[in-house]
Structure formats: structure tokens, C-alpha cells
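S.K.: Kindly generate the corresponding structure for this input.
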Amino acid sequence: MNRTDVDLPGPALLFCPGDRPDRYAKAAERADAVILDLEDSVAAEHKDRARALVVAGLADLDPARVIVRVNAPDSPWWADDVAAVTGAGVRLVMLPKAQRPEDVEALAPARVIALCETAAGVLAAERVAAAPSCAALSWGGEDLMADLGGASSRRADGAYHDVARYARSRVLLAAAAHGRPAVETVHVDIDDLAGLAASSAEAAAVGFVARMCVHPSHVAPIREAFAPDPSDVEWARGVLEAAERAPSGVFRYRGRMIDAPLLRQARGIVRRARN
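M.R.: Sure, this is the predicted structure:
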């Protein structure tokens, strides 16, 4: 299945605690989209207040650049969160601990970025991606480690443990197989901008289209990493123009044979250049 064009803002998606309305506009201004968070960044005793604040704050934000992360389906706040985001007409919702297509569809008509961040969620990534309301897939290394009973998703040298690499790869493959974009998880070391830049460049190279982040300082490195090289953009646009004049699906461009896979790559480069 070819990757479809999904109206997913990016490449830098910045989290903002749902109970900090004073930060909503600043976060939205600094990033490509703001993720108003009702889950991990909000204490249990503040959940109801955060939900009300988010719903009230939506009126002052561009709906195309707002994502609301609700609480997990097995949490006591799930039903109220679903009612709030669907009632407020939120266009894009982030679903943590995604494990079942039914939970994705419970958020319709919103489009859903599903976080496959438990063992069951990773193993169900293909079924979650196939849900009609799924807009994108992502994953979470630290939540996965917590679910597995592990201590950290990374080794002492900073590289992911094999199980985290497997989960990341499986989510990426499941997304592509069902024509969904994949969103890279956060870089948890706030001050490690070099590591952020390197890992973001690698994420872009293997097919992720955007990345979540937890600090405004991460926005610029993510944008730079996901922006295609100008020479690649020039090549891609030339390929697409040549394709319009080609008599068949296979043609020659600057000495290279261009067929369907390379055309898809060219479209992807141009799409990234527009973000």
C-alpha cells in the first residue's frame, strides 16, 4: 500500500502540560504543532481541571496545529477525555498505550496518532494502523520498558536496547504497510542537542515524518534534521515534472532509471520540503 497524504502537522510536535494554559500559545508559536497533554505531565488530582482548561483554550489556537493527548483507555479518565475531545471537535488526538483498533475508533471523528508503547501495543501495531481513524503511529521507549519491567530503553553508550529497536522498527513498518505516517518518539535528554540532531536525521532517513519533543530548544534541530537537502528537493521536483511528460511509468532522468519506488521517494521529499 502506498503512503497516503495525511494532514499531519510537523515535523516538530511540542508537548505542553494541559494544566498550564499560560504556555499553550507559546508552545504553538514555537513549534509546528502543540500537543496539549492530559496524560503524563498532569498529576492525577489535576486531571479534571486540565481537561476543562484544554477545552476552553482550544478557541484561541489554530485547530490544524493542535493535538490533544488523552489518557489511556484503561485509566479512570478515559471516558471523560473521549467525551471532551469529541464534543469540542478536536481534529487530531493522540492515544497513549494504544492496543486495540476499537479504542482508536472511540475517538472518531477525530483522527488519531496512536502510541504503541506497551508490549501488547507493539504486537498490535498492524491492527491499530489499519483502524479507519488512525492518522499516524508512534512509539515510546520508556513506557515500553516500564511495561516490560526494564530499567531503561538505552544502553550506557546511548544506543537503544535491541527490544526497543525492534519495537521502533515494527511500528515504522506497520505504519508504512497501512499508508500511515510514523512519528518518532521524544529525545529525553533535554541538553543533548547533538544527540537529538543525529537521531532525528536518522529517523528522517528511515521514513519517520515528524518527531515529538518536550522542550522548545528541540524544535530547531528537529526541523533542520527533517528538512531535505536542497539538491534532493531540486532533483525530486525535476523527477516529478519529467514524470508528467513521460509516455510510460518508467523513464530516464539524469542518467537514472525512474520507476514507481523512486517516484514515491520524490513525492516524499517534496512533501517534507513543504513542511
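S.K.: how about low-confidence regions in the stretch 151-275 of the chain?
M.R.: Applying pLDDT under 70 to the stretch 151-275 of the chain picks out residues 274-275.
S.K.: Quick one: the helices in this protein, in order.
M.R.: Assigned by DSSP state H, the chain shows helices spanning 24-30, 47-57, 78-87, 101-105, 119-123, 125-129, 141-148, 162-177, 193-206, 219-226, 230-245, 260-274.
S.K.: So the residue nearest the centre of the chain versus P132, what's the distance?
M.R.: Nearest to the mean C-alpha position of the chain, by CA atoms, centre = their mean, lies V183 at 2.8 Å. From V183 across to P132, the span is 19 Å (CB to CB, to the nearest Å). No exception for glycine: its C-beta is placed from N, CA and C like everyone else's.
S.K.: just V233 next, same as before
M.R.: To P132, V233 is 33 Å away according to CB to CB.
S.K.: More neighbours: the two, which one.
M.R.: Neighbour count, other CB atoms under 10 Å: between V233 and P132, V233 has more, with 17 against 10.
S.K.: Just give the closest residue to the more buried one, not the sequence neighbours.
M.R.: Once flanking residues are discounted, V233 sits nearest to A273: 4.6 Å by CB to CB, 6 or more residues apart in numbering.
S.K.: what residues does stretch 189-208 touch?
M.R.: Residues outside stretch 189-208 that contact it (CB atoms under 8 Å, 6 or more residues apart in numbering): 11, 158, 172, 176, 181-184, 187, 211, 214-215, 217-218, 221-222, 224-226, 272.
S.K.: And those residues, which of them are buried?
M.R.: The neighbour count (16 or more other CB atoms under 10 Å) marks 11, 172, 176, 181-184, 187, 211, 214, 218, 221-222, 225-226, 272 as buried among the contacts of stretch 189-208.
S.K.: ok, these vs A43, which is closest?
M.R.: Nearest to A43 among the buried ones among the contacts of stretch 189-208, counting by CB to CB, is V214 at 16.8 Å.
S.K.: if I pick that closest one, what's in contact with it?
M.R.: Neighbour list for V214: 14-15, 186, 188, 190 [criterion: CB under 8 Å, 6+ apart].
S.K.: Of all pairs in those, which one is the farthest apart?
M.R.: Distances among the contacts of V214 were taken as CB to CB; the most separated pair is L14 and V188, at 14.4 Å.
S.K.: Comparing these two, which shows the higher neighbour count?
M.R.: The neighbour count for L14 versus V188, taken as other CB under 10 Å, is higher for L14 (25 against 13).
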